[in-house]
Structures are given as C-alpha cells and as structure tokens.
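Give me the fold of what follows.
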Amino acid sequence: MSQTQPPDAGSPSPSVPSLAEAPLPLEARSVSEILRASHVLLVEIRAVRASEWEATSPDDQKRHLDMDIALVETLKGTTRLNDGAVFRVEVDQLQGSPRLPPANVWSALSPAPGSRFLFVSNGQLVSNGQEPVDPAELLAPAAVVRVSSGAQAVEVHLAKRAERLFINVRDSPDPGPADRELAASRAIIALAQENIASLGDIFGRYLCARVLPSFARSPDRPVSELAALLTSPTGTFPFKIELTAGLDQAGIDLGGDPLFLRAVVRAYFEMLLDPALANMHHRLVQVSLYLLIFPEDDEGPRPRADDVLPDAAARARYEKALGAHPNERGKALAHWLSQTGSRPAP
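Modelled structure (predicted):
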C-alpha cells in the first residue's frame, strides 16, 4: 500500500463538469495507481460504531469499527452494488508508536459521519479476479492500494477526461501528425494546463504514465510543455513533485539532449526561486538539478551553463539562490553556473 499523508476526511469532493470520459484501463505495471488498480471508489461514512480502545501490549492498543458506508461513485471497475447503496464495513484500528507507520490503512484515518474518502483498491486480492466484487471487500486493508481525501475524486474525473482525449487523438482516422501518440500526449498536457489548479499527486502520476513513454522515444518530445506545468504559478505542490519525479527519471535517458536540458534545468532553477516550493528545494539541489548536470556514470563533457541557460541575469539569480544550499552539491552547481565559456570538469 502506498500512503503518504492521512487524507483530510472533511468535505465532499468538488463537482466536475460533465464532459466526455473514458473508462480507465487496467495496466498492472503502471506508475499510476488509478491505472494499476482494479477499482477506484468514492465513499462516504454514514455511521460509525466504535468500541473502546483496549491495550494489546505496553505500547499498542486497538479498537473495532463497525461502519455504515455509502458508495457515492464507482470511478473504476464494477461492484455488486449500485452507486448510492449503503453497506457495512468492520475493521480494527491499531495504534502504536508514533515513530512507526500506521499498522493498516484504517489506522491512519479518522472516519466520521459525513466524511468522504477515495479508495484505490485491487479486487483481485480478495476475489481471485472475479467481478463484480463486494465493495466492502475493496475497503479491507489487504485490498487497498491507496486512500485519499474524497476531494481528490476530481483528479480521477480529469484523468478519465484525459483518457478519452488521448484515445480520440491517437485513434483518429483523419489525416494528421505522423506520430499520433505524441499528438495525444500533447493534447492531455494541454488539458492539464487548463485545469492545473485542480491537479494533485493522483493526476501527476497519471500524466507521467501517459506522456513519458512517447515523450522518451520521440525527438519531438513535448518537453517545453511539461516544463511549463512545473513553473505554472497556479500548479499545486503535490502535482509538481510528482511531475518532477517523472522528469528526473526521464533525465536518466534524456539528460544529454540539449532541448531537454534547456527546458528542464531552467524550470528546476525557477522552482528553486519559488518560496511556495521550499519543501522541494533540497531535493531539487541534491537530486534533480545535480544529476541532470553531473549525471552518474557519465564521463563525457558537462554542458556549459551559458549553453543551457543563455540569460546571464537568470544565471546570477540562480547562483544567488544556491547560497542557501552550502553543501557539496549546492556548491558544485553554483560553480557550474559561474563557469561560462569553458567546459567544467566532472
């Protein structure tokens, strides 16, 4: 199970315009959990009957939850119940050392009547691949891939809209670009730009899963379009960190490409200037920027700073920003920025 922050269990998810959507396919090896998992369910807690906490060891305790849960919307897969139906779920919550991760997914949640959660689950784990399944089984800890705030259902709807757009462009019979998959990638990047304020980590991983395969194989890759998403002032922190991770991975293969370097290095340095992304700055210096400019296991010449970043004033701003990172890699990047007109040593 992938779990970062316990989701906010408060308000219902925002409404999404009723535009054309396509079902999300099942892609078992995808980096996107909404493509990789068999089911995505939006649920609402209707009633909670909780036992008292009881000690199970000197440091651990548990309680039993007996809940009535409404299936608000089935966003992927099928279940035995229709949307709107109410079903019962029983599960134990466990509490232990705060230094350890939660013992199961429900132990990280604070379910209360009216709260909504988005569950991404694998029905195959509990039903041997037979569908439809009981939605209660999909909320069992063993089946859950990830749980988020119900507000993130908007990202799944946007991914389903992107999936329809991707299919329509890729499979269009009309004459058009020779590389239709690349054109489809550009179309969903444009959709992302239009809706960027609504995007978080779920859509970020979906976008990387859809775009980066064609992005990596084609010299006509939409690198500037992706970089523009990173520097958008309305883009969210969770979305940008997922897109950065995807581009970091792409950089392992494409870091030597001049167009890739110019667009992505500039975007990363611009992010380093953004105080709203302060929690990303250490990663940008230590991983993203450093490994693009000084890739591991690469003995070839390093790119010149003035080739990658022709604007001398911008280079000066970036070098000043690196003053907040007086570590080995931060100093190496600052030195690289200052050495123009010659190739710096590895």
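
residues near residue 62, how many?
Applying the criterion other CB atoms under 10 Å, we find 17 residues in the vicinity of residue 62. Where C-beta positions appear, they are placed from N, C-alpha and C, glycine not excepted.

just the one 3 residues further on next, same as before
When neighbours are defined as other CB under 10 Å, residue 65 has 17 of them.

do the same with residue 321
By other CB under 10 Å, neighbour count at residue 321 equals 21.

Alpha carbons only: can I get the host helix or strand of it in CSV?
Residue 321 is part of helix 312-321 when elements are defined by DSSP states H and E. Listed next in CSV are the C-alpha coordinates belonging to helix 312-321 (Å, rounded to 0.1, in the frame of the first residue of the first chain):
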residue,chain,number,x,y,z
ALA,A,312,23.2,35.8,-17.7
ALA,A,313,20.9,37.6,-15.3
ALA,A,314,18.9,34.4,-14.7
ARG,A,315,22.2,32.5,-14.0
ALA,A,316,23.1,35.1,-11.5
ARG,A,317,19.7,34.8,-9.7
TYR,A,318,20.1,31.0,-9.6
GLU,A,319,23.6,31.2,-8.3
LYS,A,320,22.4,33.5,-5.5
ALA,A,321,19.6,31.1,-4.6
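
next structured bit after it?
Taking DSSP H and E, what comes next after helix 312-321 is helix 328-338.

can you give me the angle that following helix makes with helix 312-321?
Taking axes from the mean of the first three to the mean of the last three CA atoms, to 10 degrees, helix 328-338 and helix 312-321 form an angle of 160 degrees between their directions.

Other residues contacting helix 328-338?
285-286, 289-290, 293-294, 302, 305, 309, 315, 318-319, 322-325, 344 (CB atoms under 8 Å, 6 or more residues apart in numbering).

which among these end up buried?
Among those, those classed as buried by 16 or more other CB atoms under 10 Å are 285-286, 289-290, 293-294, 302, 305, 309, 315, 318-319, 322, 325, 344.

now, which of these sits nearest residue 267?
For the buried ones among the contacts of helix 328-338, the closest approach to residue 267 (CB to CB) belongs to residue 289, at 10.2 Å.

where exactly do the strands run in the protein?
Taking DSSP state E, the strands of the chain run over residues 39-50, 54-57, 60-76, 86-95, 116-121, 144-149.

deepest of those, which one?
Most buried of those by mean neighbour count (mean count of other CB atoms under 10 Å) is strand 116-121; its value is a mean of 26.

tell me the contacts of residue 71?
41-43, 79, 81-87, 135.

switch the cut-off to 7 Å
By CB atoms under 7 Å, 6 or more residues apart in numbering, the residues touching residue 71 are 41, 43, 79, 81, 83-85, 87, 135.

Quick check: bridge partners of it?
Beta-bridge pairing of residue 71 under DSSP bridges involves residue 43.

Quick check: the gap between it and residue 48.
Spatial separation of residue 71 from residue 48 under the definition CB to CB, to the nearest Å is 17 Å.

Stretch 217-224 spans what distance, first to last residue?
With CA to CA, to the nearest Å applied, stretch 217-224 spans 16 Å between its terminal residues.

Flag every buried residue along that stretch.
Of the residues in stretch 217-224, those buried by neighbour count under the rule 16+ other CB under 10 Å are 221-223.

which residues sit against that stretch?
Outside of stretch 217-224, the residues that reach it under the criterion CB under 7 Å, 6+ apart are 179, 182, 185-186, 189, 215, 259-260, 263-264.
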